[in-house]
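> Below: sequence and its predicted model.
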Amino acid sequence: MTSTASPPTTTAPPALRGSLGTASIVLMVLAAAAPLSVVGGSVPLGIALGNGAAFPAAFVVCCVVLLLFAVGFCAMARYVKEAGAFYAYVDKGLGRRVGLGSAYLALVTYTAIQAAVYGYIGVTLDSLVQSYGGPHLPWWTWAGAVAVVVGVLGCRQVDLSGKVLGVLMVGEVGIVLVLNAAVLVRGGDHGLSTALVSPDRLTSGAPGLAVTFAIAGFLGFEATAVFRDEARDPDRTIPRATYLALVLVGAFYALSSWALISAWGDEEAVAEAGRDPENMLMATVHRYLGSSAEHLAQVLFVTSLFACILSFHHVIARYVHSLADRGALPARLGRAHARHHSPHVASLAQSASAAVLIAVFALAGLDPITEVFTWMGGLASAGVDVLMLLTCAAVLVFFRRSAADTRRWQTLWAPALGGLGLTVLLVLTVLNFPLLIGGSAAFATLLLGLLPVAFVLGWARRHRVPAPAELPASA
């Protein structure tokens, strides 16, 4: 009698998995955009330092440029199966070395914006606690506490964070929409503003700086592609979520900034934004909705910042996980949780890096708003511009080489026009960078230098992944 041994069984390591639909991914992107924080933070600064009452037009301009970019981005999405967003596209179109350079650049960019928001939430949370009779604590203690909560959620299945972000988004967007409605019903203090359609107003002041502030409000929209492995139907869900997120973000910012200006009147809004930009939104809420709504808005402002941090935490963790899978980072960072199917090791590493940055900023005695927030936020804006330009180039090269899609608008004209627009936005950002960070031109150059350094480090990195498969000859 003979017996045959059963072949040994192997268990595949757990992979990222989820059932995110279009709505859930859009919520992730909207949370990263932190709409209430932008309306209360970036908009008053854009009004004061940009082109005044015509500032809402800057959001329209940026949205149009990014929609052109999104055409090529979404056309290429079906050919990019990795959940690496920008760097996966650059890898596919421009090669592995340039792709890895863009990946390291992305890590620096998103880490910068998360660090910026940690500084802001530390101060804001401390002020909120004090307003209710609580103790005053250093900003970094509150930021550290937030980092712990974010770290716990980051290790869980992404669907849980999607639900948390959904609840927070309803609150912060809701309060702004109610304010917008109240301004429209009352007609503002001096009638509804028409400055955004006035050619003289559009070109007055510093329209370049206005666009620089506006583009920062769209940070994170491309994160739709990062959740590819956890999307229900990625080939359809990712393009839908990208377009929908851009349109919603652009419309929301343009409408809300216009309503904020109308609430005061053109000249008065510029004066108020210059006098007290940090409290302009809360003062407007108090005037139009009352003190109770103002208290609610202050709470929602904190939750908006928290939602932004949580969303970017997920994005960075998935970048790290994807890089580890490709051998560009230690393999253990590519492990997924057996139960939650989340990149828990990458998430823990991201939490540790956030804690280190908070400690460094605290020990250096940096001001969390005027230094941590503005310096890191400006750096992130420039980094995202560069990443999108590289992605535009990757789209153009990919379709020229592969002929996978012969539609000229999707594969040539739209990405080319988007790239042209992004080049203009990048030039404006760099030229205005010293003003954004509140420092000297020399320090601005030093800080911006982190971006090419990150790119070169990634470009020079060797990894074990074999060359990508030959590009398809047709769709």
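Received the coordinates, thanks. Numbering: from 1, shown residues only.
> where's L448 relative to A441, distance?
10 Å (Cβ to Cβ, to the nearest Å). For glycine as for every other residue, the C-beta is placed from the backbone atoms N, C-alpha and C.
> more crowded one of those two?
In this view L448 and A441 are compared by other Cβ atoms under 10 Å, and L448 has more residues nearby, 19 against 9.
> my guess is the more buried one meets G383, correct?
No: in this structure, L448 is not within contact of G383 by Cβ atoms under 8 Å, at 9.1 Å.
> Would you quantify the distance from D126 to A57?
36 Å.
> A48 too?
Applying Cβ to Cβ to A48 and A57 gives a distance of 16 Å.
> And the helices in the stretch 151-300 of the chain?
Listed in chain order, the helices of the stretch 151-300 of the chain (DSSP state H, counting those that start in this stretch) span 158-186, 199-202, 207-216, 234-264, 266-275, 280-289, 291-325.
> before we move on, the earlier item: who's more crowded, D126 and A57?
Between D126 and A57, counted using other Cβ under 10 Å, A57 has the larger neighbour count: 24 against 21.
> how about the more buried one, what does it touch?
51, 196-197, 202, 254 (Cβ atoms under 8 Å, 6 or more residues apart in numbering).
> List the buried residues of the host helix or strand of it.
Using DSSP states H and E, A57 sits in helix 56-77. Within helix 56-77, the residues scored as buried using 16 or more other Cβ atoms under 10 Å are 56-59, 61-63, 65-77.
> Model confidence score at the most centrally placed residue in the chain, please.
Geometric centre of the chain, nearest residue: G220, 2.3 Å, by Cα atoms, centre = their mean. Per-residue pLDDT puts G220 at 73.
> In the stretch 51-200 of the chain, where is pLDDT below threshold?
Across the stretch 51-200 of the chain, the ranges flagged by pLDDT under 70 are 83-84, 155-166.
> what do you get for the stretch 201-350 of the chain?
For the stretch 201-350 of the chain, the stretches flagged by pLDDT under 70 are 223, 225-231, 334, 336-342.
> ok, F252 - contacts?
Applying Cβ under 8 Å, 6+ apart to F252 gives the contacts 35, 173, 176.
> Roughly how far does the last one sit from L289?
Read it as V176. With Cβ to Cβ as the criterion, V176 and L289 are 11 Å apart.
> out of those two, which sits in the more crowded spot?
More crowded of V176 and L289, by other Cβ under 10 Å: V176, with 25 against 18.
> That one is in contact with S256, isn't it?
Yes: with contact defined as Cβ under 8 Å, V176 counts as touching S256 (5.3 Å).
> Quickly list what's touching both of these two.
35, 39.
> So what's the residue count around R335?
Residues near R335, counting by other Cβ under 10 Å: 16.
> and it, how far is that from A349?
Computed as Cβ to Cβ, the R335 to A349 distance reads 11 Å.
> got any residues that touch both of the two?
Between them, R335 and A349 share no contacting residue under Cβ under 8 Å, 6+ apart.
> Looks to me like G365 is in a strand.
No: assigned with DSSP: H, G, I helix; E, B strand; the rest coil, G365 falls outside any strand and is coil.
> can you tell me how far it sits from Y118?
16 Å.
> more neighbours, the two?
Between G365 and Y118, counting by other Cβ under 10 Å, Y118 is the more crowded of the two (29 against 7).
> State the number of residues packed around the residue nearest to the more buried one when sequence neighbours are not counted.
Closest residue to Y118 apart from its sequence neighbours, by Cβ to Cβ, 6 or more residues apart in numbering: A143 at 4.5 Å. Neighbourhood size, A143 [other Cβ under 10 Å]: 29.
> Next up, the contacts around A143.
118-119, 121-122, 358, 368.
> For it, pull up the helix or strand it's in.
Going by DSSP H and E, A143 is in helix 139-154.
> Using CSV, write out every CA atom in that helix.
Extracted in CSV, the C-alpha atoms of helix 139-154 (Å, rounded to 0.1, in the frame of the first residue of the first chain):
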residue,chain,number,x,y,z
TRP,A,139,0.7,72.7,22.3
TRP,A,140,2.9,69.6,21.9
THR,A,141,1.1,67.7,24.7
TRP,A,142,-2.2,68.0,22.8
ALA,A,143,-0.6,67.2,19.5
GLY,A,144,1.0,64.1,21.1
ALA,A,145,-2.4,63.0,22.4
VAL,A,146,-3.9,63.4,18.9
ALA,A,147,-1.1,61.4,17.5
VAL,A,148,-1.9,58.5,19.8
VAL,A,149,-5.6,58.4,18.7
VAL,A,150,-4.7,58.7,15.1
GLY,A,151,-2.2,55.8,15.5
VAL,A,152,-4.9,53.6,17.0
LEU,A,153,-7.3,54.3,14.1
GLY,A,154,-4.5,53.9,11.6
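> What residues sit buried inside that helix?
139-140, 142-144, 146-147, 150-151, 153-154.
> quick one: T224 and Y243 touch, right?
No: using Cβ under 8 Å, T224 is not in contact with Y243; the gap is 9.3 Å.
> ok, so what distance separates the nearest residue to F398 once chain neighbours are set aside from L323?
Spatial nearest neighbour of F398, excluding adjacent residues (Cβ to Cβ, 6+ apart): G93 at 3.8 Å. Between G93 and L323 the distance is 18 Å, computed by Cβ to Cβ.
> now do L153
From L153 to L323 the distance is 22 Å (Cβ to Cβ).
> quick revisit: okay, the angle between the helix holding A143 and helix 291-325?
60 degrees (axes from the mean of the first three to the mean of the last three Cα atoms, to 10 degrees).
> neighbour-wise, which of T224 and Y243 wins?
T224 (31 against 19).
> mind listing what that one touches?
By Cβ under 8 Å, 6+ apart, T224 lies in contact with 25-26, 28-29, 85, 238, 241-242, 245.
> what's the answer for D189, then?
Applying Cβ under 8 Å, 6+ apart to D189 gives the contacts 262-265, 268.
> So what does it have for phi and psi?
Backbone torsions of D189, given as degrees, to the nearest 10, read phi -80, psi -30.
> again with the one 4 residues further on
In terms of degrees, to the nearest 10, the main-chain angles of S193 are phi -70, psi 140.
> Relative to L255, how far out is it?
Distance of S193 to L255, computed by Cβ to Cβ: 12 Å.
> Of those two, which one has the most company?
A side-by-side neighbour count of S193 and L255, using other Cβ under 10 Å, places S193 first with 25 against 17.
> who's in contact with the more buried one?
53, 258, 261-262, 265-266, 269.
> 10 Å instead?
By Cβ atoms under 10 Å, 6 or more residues apart in numbering, the contact set of S193 is 53-54, 56, 183, 201, 257-266, 269.
> same question, V98
Contacts of V98 by Cβ under 10 Å, 6+ apart are 87, 90-91, 390, 393-394, 455, 458-459.
> Just the buried positions in the host helix or strand of it, please.
Assigned by DSSP H and E, V98 belongs to helix 96-131. Buried residues in helix 96-131, counted by 16+ other Cβ under 10 Å: 96-126, 128.
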